[in-house]
Structure formats: structure tokens, C-alpha cells
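Chemist: Sharing a model prediction with you, sequence too.
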Amino acid sequence: MKLSRIYCLASWLVLLAVFSSCQRPEIISETKVFDNQVWNRFDILEFNFNITKPDMTYDVMLNFEHTEKYYTDHLTANITFYMPGGSMRSRDYTFKLKNEKLEWLGNVANKTITHELPIILGMKFPEAGSYKMRLESKMTKFNLENIKSVGLNIKPSK
């Protein structure tokens, strides 16, 4: 009797290890690179992706990479989601890039700072289908300098 309990427990542990080690696949992980490290105020970025399981929740993240010469402690952008049925959701976001000591909050390596900024955690998309996200800089400078790349990453919430 004790041996069967051990086998049962071992089976549960193996199943737990298998399911906890599975990575949830990303819906989209796309990056727009700025060759001249300048994001023009009117250079609107678009990202297209498909949602096949609208019953799940997703984490929507903005990846922002810049040099240490980036001129301010924040990023302001307008983000608009276009739904398959024709509706849209739009909002301005301000992302904090430095702490109170004026140190970069992102990962610093080789004079480059990389931020993973949450747009919406636990987002539910209203329907399955093709979506588009539009990203527009709302910074006051016409040419936002020292920007290496901007990206979108969407994956199922944990």
C-alpha cells in the first residue's frame, strides 16, 4: 500500500514539473529598429497580430531601447488597438524610465538601456481575429533622438 502511494505521488510530481516547465507561446514579439536612432514624431508604428483564444488573458508589453544619452526620464506615447470587428481602444501612456535617484530603471548594457514596459497586464481581447496596434510618440520633440528600437510583446498571462 505504501509503495502505491509513493508511485502516485511521484506521478503527480512528474506531471507538475512537465506542466510548470511549459512556456506559453508569444502571440507577437516584433521590434522596429531605428537605423539612425531617431524616432520622428509622425513616424507611427504599426504591429499586426492574431488572437485565436479570446477567453484567455494576455500581458501586453512595450519594449523600448535607447542609448544613455536619451534626454529625459520618461516616454509618452499614444497606443491604439484596432479590433477585428472595427472598434478601437486608444489611450495616452506615460512610462517612467528613471527612479528618484535618476538611475535608469531598465537593463543597462554597453551604453544601451532596455525597458520592458507594461501596457496592459491581464488584457482580455473581445474576439478572435486579426488585430492591429498603432503606436505614436507623444513626446514634445519632433525628432526623438537616441532611440534604438521599439517593440511589442504579447503573451498569455501567467
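Modeler: Nice, thanks for sending it over.
Chemist: Tell me the pLDDT of the closest residue to Glu68 other than its chain neighbours.
Modeler: Leaving aside its sequence neighbours, Glu68 sits nearest to Lys111 (CB to CB, 6 or more residues apart in numbering; 5.0 Å). Any C-beta I mention is one placed from the backbone N, CA and C, and that applies to glycine too. Listed pLDDT for Lys111 reads 92.
Chemist: wait, isn't Lys98 in contact with Leu105?
Modeler: Yes - counting by CB atoms under 8 Å, Lys98 does reach Leu105; the two are 6.3 Å apart.
Chemist: mind checking how far stretch 84-94 is from the chain centre?
Modeler: Its chain's C-alpha centre and that of stretch 84-94 lie 16 Å apart, by CA atoms, centre = their mean, to the nearest Å.
Chemist: Contacts for that stretch next, please.
Modeler: 62, 74-83, 119, 126-131, 138 (CB atoms under 8 Å, 6 or more residues apart in numbering).
Chemist: Quick one, which of those are buried?
Modeler: Neighbour counting over the contacts of stretch 84-94 (16 or more other CB atoms under 10 Å) leaves 62, 75, 77, 79, 81-83, 119, 131 as the buried ones.
Chemist: Tell me how far Lys98 lies from Thr72.
Modeler: Separation of Lys98 from Thr72 (CB to CB, to the nearest Å): 9 Å.
Chemist: report the longest strand in the protein, please.
Modeler: In the chain, taking DSSP state E as the definition, the longest strand is strand 112-123.
Chemist: Buried residues, that one. List them.
Modeler: Those buried within strand 112-123 under the rule 16+ other CB under 10 Å are 113-115, 117, 119-120, 123.
Chemist: Just the C-alphas of that strand, formatted as PDB.
Modeler: What follows is strand 112-123, C-alpha atoms only, in PDB (Å, rounded to 0.1, in the frame of the first residue of the first chain):
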ATOM      1  CA  THR A 112      22.200  50.800 -24.100                       C
ATOM      2  CA  ILE A 113      19.200  50.800 -21.800                       C
ATOM      3  CA  THR A 114      16.400  48.300 -22.500                       C
ATOM      4  CA  HIS A 115      13.000  48.600 -20.800                       C
ATOM      5  CA  GLU A 116      10.100  46.200 -20.800                       C
ATOM      6  CA  LEU A 117       7.100  48.500 -20.100                       C
ATOM      7  CA  PRO A 118       3.700  47.100 -19.200                       C
ATOM      8  CA  ILE A 119       0.900  48.500 -21.400                       C
ATOM      9  CA  ILE A 120      -1.900  46.200 -20.000                       C
ATOM     10  CA  LEU A 121      -1.400  43.200 -17.800                       C
ATOM     11  CA  GLY A 122      -4.200  40.700 -17.900                       C
ATOM     12  CA  MET A 123      -5.900  42.100 -21.000                       C
END
